[in-house]
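Engineer: Return a 3D structure for these sequence lines:
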Amino acid sequence: MSLSDVASIGTLLSAVAVLVSLIFLYFQLRQLSAQVSQTERNQRSIINQGATTRSMATNSWLAEPHMSEVLTKAMSNALAFTDVEALQLTGIVRNVLLSFQDALTQHQSGLVDNITFHHAEASLRFWLSVPALRASYRMFASTYALELQGAVDQIIADAPPNPAIQISAQLRTVLAEDQSDS
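Structural biologist: Have a look, this model is predicted:
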């Protein structure tokens, strides 16, 4: 066997080794891509879960008697609030706005799914339809980022204030409708 034959065999083995390496690299890249996709899904899930947890915590806070009283008063379109009640209303607005801000920025980054974002937007639209909460926002709008102010102002422009909401009366109406349907 000549030196030329050995070189040819060496070249052939080298080409086979490169081909095997490329095949191995292909499978590694596929596996890495699958791992990255799974990691992204996990991160989105955690972010969405965080938004849900924050919403549930806010709802629990609003169910506390002192917060329920001021919220019920605001929803009935009362015009007179004590300083403490006005501060409570400001806290409600701030919580809802910060939750919306978080959902908005994460949605713009592709980290929050549409259902989570639309929930945050619908919640903000509802709460800012209450005239006292809307007024509380306007009093402190300058304390929010300009981008958030723009989004909130657009929501306010698209959602007129609600008339007085009497929750117990509405509940009785819906219950009566449900009973008559069955």
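Engineer: for the host helix or strand of Ile115, packing partners?
Structural biologist: For Ile115, the element it lies in under DSSP states H and E is helix 114-127. Identification of packing neighbours for helix 114-127 by 3 or more Cβ pairs under 8 Å, 6 or more residues apart in numbering; DSSP states H and E yields helix 3-63, helix 83-108, helix 146-158. For glycine as for every other residue, the C-beta is placed from the backbone atoms N, C-alpha and C.
Engineer: now the angle from it to helix 83-108?
Structural biologist: 150 degrees (axes from the mean of the first three to the mean of the last three Cα atoms, to 10 degrees).
Engineer: Now do the contacts for Phe81.
Structural biologist: Residues near Phe81 by Cβ atoms under 8 Å, 6 or more residues apart in numbering: Val70, Lys73, Ala74, Leu89, Ala132.
Engineer: coming back round to it: just send the helices and strands packed on helix 114-127 back as CSV, with mean pLDDT too.
Structural biologist: Putting those into CSV (pLDDT from 0 to 100) gives the following:
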stretch, mean pLDDT
helix 3-63, 86
helix 83-108, 93
helix 146-158, 92
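Engineer: At the geometric centre of the chain, which residue do we find?
Structural biologist: Centrality entry for the chain: nearest residue to the mean C-alpha point is Ala103, 3.2 Å, by Cα atoms, centre = their mean.
Engineer: Looking at the contacts of Phe81, which is nearest Ile9?
Structural biologist: Leu89 (85.0 Å; Cβ to Cβ).
Engineer: Would you mind measuring from that closest one to Arg134?
Structural biologist: Distance of Leu89 to Arg134, computed by Cβ to Cβ, to the nearest Å: 10 Å.
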